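A.B. asks: Below is the sequence, then the predicted model.
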Amino acid sequence: MNTPGLLRCAGAVVVLVFVSACGGGSTLSPSAGAVAPSAATRKATYVGRTLFVNGRPVTAARLNPLPRYAELVPDQLRSKKYEYIFNIYSSFGSIFNYPKSTQMIGELGGGGGQGCTNVLYGYGNKIMWNAGRTNDVVTEYSVPDNKVLKTVSLNYTYTSSCAMNAAGDLAVGVLLGNSFGPGGQVVIFKNATGSGKVYNTPLNKEYFGGYDPNGNLFADGLDTSYSFMLVELPKGHKKFVTIKTSNSPQFPGSVQWDGKYLSVFDQLTSETYRYTVSGTTATLQSTVQYSGASDCAQTWIVTGLLYCADAGNDDGEVYNYPAGGSPAATLVGSFDEPLGVVAAHK
């Protein structure tokens, strides 16, 4: 386990200032519509266990001070599978077409934060959503041409996660409330439209969310004591309930159905916990361990693989799932504090 020393003092506010270095520019894909990222002074602050970067809370557990930029491979859009690694909020998304190549093929300008798509796991069908392009707007894009199809807005400044169920409803998590007040809310947009319905949760800060095939919505985050917490909104119910896990996750990570189990990633231990859920208890069935990962700020599971947006290593990694172990591949390209990842096909 690689627990950052800064996180050991739950009530402290710790400030670090990093100066990022950049060697060379980025040649953008003509279809990306992005602008090249630039080097900047970065201020990292921990409030309890929540990381703030330049005053904006993020769902990563730790900060990498050195963004990495690389030349892009021309995007021919001939692949059928695409992966988007979203960087720090309102910056850019790095686009890949693994397993055809590990090289970055384009950028999505303005993207950032976390992603989701219209499947519980696997490659989404021709669309993906991005929570983090702007603070209070969640955007739907077509894949792979990256056209904006739809946006929904919510009255919260700091969003965190997004998730879709099989019916096409969109759930958006809230990391912090407005004016840095208590967060933890989840806003659900029926058929991914309209103004959304706000659900309060037992969480003080919501980090990640995901549906199971029965339409139950799960989310994890931190409670008022900055301890890990898992909650559930059972299908058809009006209130979230707290789910007790049979083990003790250390820091919230992605929550996603993996085809057999409810999976919860732990950012500090680099492990996926696979649960069966009965009532308000989640029983651990197996643990998947990953070597070489520093901080998978979001993971996305497809059949046989897990994609990691690694904020600690400042790259993207691909692991065999549920085998785990060493990376099957490392994605090469431009990264600036990776926070999210999602996969879709055209």
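C.D. replies: Here it is on my side, so go on.

A.B. asks: hey, let's count contacts and neighbours off CA atoms from now on
C.D. replies: OK.

A.B. asks: Now residue 128: which helix or strand?
C.D. replies: When elements are assigned from DSSP states H and E, residue 128 belongs to strand 127-134.

A.B. asks: Heading C-terminal from that strand, find the next helix or strand.
C.D. replies: Later in the chain than strand 127-134, the nearest helix or strand by DSSP H and E is strand 137-142.

A.B. asks: neighbouring strands for that next one, and are they parallel or not?
C.D. replies: strand 127-134 (antiparallel), strand 148-153 (antiparallel) (DSSP bridges).

A.B. asks: which of these sits most buried?
C.D. replies: Comparing these by mean neighbour count (mean count of other C-alpha atoms under 10 Å), strand 127-134 ranks first with a mean of 26.

A.B. asks: returning to that earlier point: can the strands paired with strand 137-142 go into JSON lines with extra columns for mean pLDDT?
C.D. replies: Output for the strands paired with strand 137-142, formatted as JSON lines (pLDDT from 0 to 100):
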{"stretch": "strand 127-134", "mean pLDDT": "90"}
{"stretch": "strand 148-153", "mean pLDDT": "96"}
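
A.B. asks: would you turn the ones you listed into a markdown table with distance to residue 293?
C.D. replies: Shown next, in a markdown table, are the strands paired with strand 137-142 (distance: least, C-alpha to C-alpha, whole Å):
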| stretch | distance to residue 293 |
| --- | --- |
| strand 127-134 | 23 |
| strand 148-153 | 32 |
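
A.B. asks: right, so of the ones you listed, which gets closest to residue 226?
C.D. replies: Residue 226 lies closest to strand 127-134 among those, at 22.9 Å (C-alpha to C-alpha).

A.B. asks: element containing the closest residue to residue 302 other than its chain neighbours?
C.D. replies: Among residues not flanking residue 302 along the chain, residue 122 sits closest, at 3.6 Å (C-alpha to C-alpha, 6 or more residues apart in numbering). Assigned by DSSP H and E, residue 122 falls within no helix or strand.

A.B. asks: Could you pull up phi and psi at residue 122?
C.D. replies: phi 100, psi -170 (degrees, to the nearest 10).

A.B. asks: isn't it right next to residue 299, touching?
C.D. replies: No - judged on C-alpha atoms under 8 Å, residue 122 makes no contact with residue 299 at a distance of 11.7 Å.

A.B. asks: Please identify which of those two sits among more neighbours.
C.D. replies: Applying other C-alpha atoms under 10 Å to residue 122 and residue 299 shows that residue 299 carries more neighbours, namely 28 against 22.

A.B. asks: Surely that one is in contact with residue 257?
C.D. replies: No - when contacts are counted by C-alpha under 8 Å, residue 299 is not listed as touching residue 257 (11.7 Å).
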